[in-house]
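Participant: generate coordinates for the sequence data below:
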Amino acid sequence: MKLPRWTGSPDRRHFALLALAAGILMLGAIRLGDLAGYDDAMFAAEAKNIVRSGQWLPLMMRGAPAGEHPPLFVWMQALSFQAFGVSDPAAKLPAALCGLGVVLLVWWLARRLLGDGIAAGAAMFVMLATPYFLKYSNRAMTDVPTTFFFVCAVCCWVQARRSRSWYLAAGLFTGLALVTRGLIGFALPLAFGIDYLLARRRLAANSSVAGERSYLLAGFLLAIAPLAAWYAYFLTSVPGFLAEQRRWLDEQVYGGLTPAWRRYTGAPEYIRMLAKSYWPWLPAMAAGAALAIRQRRRELYVLLCWAGAVFFLCAITRSRVLRYMLPAYPAFSILAVASIARYVPRAKLSRALDWAAPLAVIAALGIVTLKPPSRHAAVILPLVQAMPAGERPWVALYDEGQPRWDEANQLEWYGECVPKLVRSKEELRDVLRRGEIRHIIADRRTYEEEIAPLPHLVRARSGHLIYVRLDGPG
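Facilitator: Predicted coordinates:
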């Protein structure tokens, strides 16, 4: 997409310095620490299985097809592994690149909507100075890549005001968002539909509008085609996929809550989470939204529709996690700057960026140089290092009867094994009795009660877990 011309050296300087700071933060931080055990290690293990087997569909996890989430982010990780090798930084690289892309596109979109390069630099700074966004740009998870595709789609939607063919690109990026994270991607067609109705409600039906609607329909078909193809593949190729999807939807989307009245508290809960975390930008963002509505600034309505659609879909689902709101954060940043630019003189805002932009580069260098690495897999790593080389054994994992998907995911990501999560003492005893799985990881108390009396070899102890190999054939 063609960028607007810069009108002066401050715009150019602010953009360059903030882009440099974003690159340092996003790409430099991926070397800091290992992968957490829930989504991070799960996605990375699925991508590693692609590289190992060459099989891109279905995704495989724990020896079985994984159909809980669409495949695009895992494919991005697999491509990263093929290019740079299987490692923690390569697993984080797609999200980091998408985070950098978000910051750069926020500059373009803010300049386009606000018509001011200084304000665009401020929006870029706000996005870069949002700790919650930076945190997930350094995680091997789908939230920031989904946010990137959201921004791409909105940029194309805004461009469609000048050329209808951009509706097709908006539909394409909407489709990519849907096959990255799934249901939250439907916020885009919802937001675009509302924005279109607000813009077109006073226009009479004519050939021009009819032609525009043809592009809109084609864009919508492009949006749903990738997700529909993925569902069609699983429905026709993987037995039990529909039942698994229903189970997942019940757990994450429309299942019951305890107590039952929490079904109706999604909106207040997300407001409370934003009120606790989105500082110092929350007052400016709220003021920007009010300003757009009060002054009827039509060019900013797309931001309100965007943020509102994401908020609505998050609020009506069963799971309430603030990172699900990340696709709305670029809209928040531009709304915040809309109010800042309204009340702060342009010259003062430019001088503030003259200081803030180079300080952002210095801060970024300090963070990636001095920040200590995170250690999420400290307990699991000694266990996988004790596993036999050249084998890929099944490993039964029992940890106090808890559904420790995090430990199971880390076992598969860091180890050359296939974990079987055992969730009850009865199931563990059945595993021990059958003898088909010889490699066992259990918590210390369970080891003493259930495994110690059996012939076995202790291969490793780490934290509260003990890894043994039962004696006998197999």
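
Participant: how about the strands in the stretch 1-150 of the chain?
Facilitator: Applying DSSP state E, counting those that start in this stretch to the stretch 1-150 of the chain gives strands spanning 60-61, 64-65.

Participant: let's see stretch 10-27 as PDB, backbone CA atoms only.
Facilitator: C-alpha atoms of stretch 10-27 as PDB (Å, rounded to 0.1, in the frame of the first residue of the first chain):
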ATOM      1  CA  PRO A  10      10.500  15.400  12.600                       C
ATOM      2  CA  ASP A  11       8.000  12.900  11.100                       C
ATOM      3  CA  ARG A  12      10.900  11.000   9.500                       C
ATOM      4  CA  ARG A  13      13.100  11.100  12.600                       C
ATOM      5  CA  HIS A  14      10.400   9.900  15.000                       C
ATOM      6  CA  PHE A  15       9.300   7.100  12.700                       C
ATOM      7  CA  ALA A  16      12.800   5.800  12.200                       C
ATOM      8  CA  LEU A  17      13.800   5.900  15.800                       C
ATOM      9  CA  LEU A  18      10.600   4.300  17.000                       C
ATOM     10  CA  ALA A  19      10.800   1.600  14.300                       C
ATOM     11  CA  LEU A  20      14.400   0.900  15.500                       C
ATOM     12  CA  ALA A  21      13.200   0.700  19.100                       C
ATOM     13  CA  ALA A  22      10.400  -1.700  18.100                       C
ATOM     14  CA  GLY A  23      12.800  -3.900  16.100                       C
ATOM     15  CA  ILE A  24      15.300  -4.100  19.100                       C
ATOM     16  CA  LEU A  25      12.500  -4.900  21.500                       C
ATOM     17  CA  MET A  26      10.600  -7.400  19.400                       C
ATOM     18  CA  LEU A  27      13.500  -9.300  17.900                       C
END
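
Participant: what sits up against that stretch?
Facilitator: Applying Cβ atoms under 8 Å, 6 or more residues apart in numbering, the contact partners of stretch 10-27 are 6, 93, 96-97, 99-100, 103-104, 107, 117-118, 120-121, 124-125, 128, 134, 137-138, 350, 353-354, 357-358, 360-361, 363-365, 367-368. Heads up, the C-betas are built off the backbone N, CA and C, glycines and all.

Participant: buried residues, that stretch. List them.
Facilitator: Of the residues in stretch 10-27, 10-11, 13-15, 17-27 count as buried by neighbour count, 16 or more other Cβ atoms under 10 Å.

Participant: about what we covered before: relative to L197, which of the strands of the stretch 1-150 of the chain is closest?
Facilitator: Distance to L197, taken as Cβ to Cβ, is lowest for strand 64-65 among the strands of the stretch 1-150 of the chain, at 40.3 Å.

Participant: could you count how many residues lie near G63?
Facilitator: 12 (other Cβ atoms under 10 Å).

Participant: isn't it up against V418?
Facilitator: Yes. Using Cβ atoms under 8 Å, G63 is in contact with V418, at 4.7 Å.

Participant: between those two, what contacts are shared?
Facilitator: Shared contacts of G63 and V418, counting by Cβ under 8 Å, 6+ apart, come down to W394.

Participant: need the pLDDT of R247.
Facilitator: Here the pLDDT value assigned to R247 is 79.

Participant: in what helix or strand does it lie?
Facilitator: helix 241-249 (DSSP states H and E).

Participant: what residues does that helix touch?
Facilitator: The contact list for helix 241-249 (Cβ under 8 Å, 6+ apart) reads P65, G67, E68, F234, L235, G255.

Participant: stretch 215-231 now?
Facilitator: 70-72, 160, 164-165, 167-172, 174-176, 178-179, 182, 185, 188-189, 196.

Participant: which helix runs longest in the protein?
Facilitator: Counting residues, the longest helix found in the chain (DSSP state H) is helix 207-237.

Participant: tell me the average confidence for that helix?
Facilitator: For helix 207-237, mean pLDDT rounds to 88.

Participant: extract the CA atoms of the lowest-mean-pLDDT helix or strand in the chain and return them as PDB.
Facilitator: Every helix and strand of the chain was ranked by mean pLDDT, DSSP states H and E. The lowest is helix 241-249, at a mean of 79. What follows is helix 241-249, C-alpha atoms only, in PDB (Å, rounded to 0.1, in the frame of the first residue of the first chain):
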ATOM      1  CA  PHE A 241     -13.500 -33.900  15.200                       C
ATOM      2  CA  LEU A 242     -17.000 -32.500  15.600                       C
ATOM      3  CA  ALA A 243     -17.300 -33.900  19.100                       C
ATOM      4  CA  GLU A 244     -14.000 -32.500  20.100                       C
ATOM      5  CA  GLN A 245     -14.900 -29.100  18.700                       C
ATOM      6  CA  ARG A 246     -18.200 -29.200  20.700                       C
ATOM      7  CA  ARG A 247     -16.300 -30.000  23.800                       C
ATOM      8  CA  TRP A 248     -13.800 -27.200  23.300                       C
ATOM      9  CA  LEU A 249     -16.500 -24.700  22.500                       C
END
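
Participant: what's the neighbour count on the closest residue in space to M124 that isn't next to it in sequence?
Facilitator: Leaving aside its sequence neighbours, M124 sits nearest to W107 (Cβ to Cβ, 6 or more residues apart in numbering; 4.4 Å). Here the number of neighbours of W107 (other Cβ under 10 Å) works out to 26.

Participant: before we move on, what about Y196?
Facilitator: Per other Cβ under 10 Å, the neighbour tally for Y196 reads 18.

Participant: do you know how far it is from I340?
Facilitator: 29 Å (Cβ to Cβ, to the nearest Å).

Participant: for the helix or strand harbouring A307, list every residue counted as buried.
Facilitator: Taking DSSP H and E as the definition, A307 sits inside helix 301-315. For helix 301-315, burial by neighbour count (16+ other Cβ under 10 Å) applies to 301-311, 313-315.

Participant: what's the closest of the contacts of helix 241-249 to W261?
Facilitator: Using Cβ to Cβ, the contacts of helix 241-249 come closest to W261 at G255, 15.0 Å.

Participant: gap between that closest one and E407?
Facilitator: Using Cβ to Cβ, G255 is found at 24 Å from E407.

Participant: between the two, which has more neighbouring residues?
Facilitator: For the pair G255 and E407, the greater number of neighbours falls to E407 (21 against 14), based on other Cβ under 10 Å.

Participant: name all residues that make contact with that one.
Facilitator: For E407, the contact set (Cβ under 8 Å, 6+ apart) comprises G37, V379, I380, L397, D399, I441, L465.

Participant: name the nearest of those residues relative to L428.
Facilitator: Using Cβ to Cβ, these come closest to L428 at L397, 9.7 Å.

Participant: show me the beta-bridge partners of I441.
Facilitator: L397, Y467 (DSSP bridges).

Participant: count the residues that sit near it.
Facilitator: I441 - counted by other Cβ under 10 Å - has 28 other residues nearby.

Participant: that one and I466 touch, don't they?
Facilitator: Yes. Using Cβ under 8 Å, I441 is in contact with I466, at 7.2 Å.

Participant: A218: neighbour count?
Facilitator: 15.

Participant: what of G54?
Facilitator: Look at G54: counted by other Cβ under 10 Å, it has 8 neighbours.

Participant: look up how far A78 lies from it.
Facilitator: On the measure of Cβ to Cβ, G54 and A78 end up 10 Å apart.

Participant: buried stuff in stretch 50-62?
Facilitator: Going by 16+ other Cβ under 10 Å, stretch 50-62 has these buried residues: I50, V51, P58, L59, M60, M61, R62.
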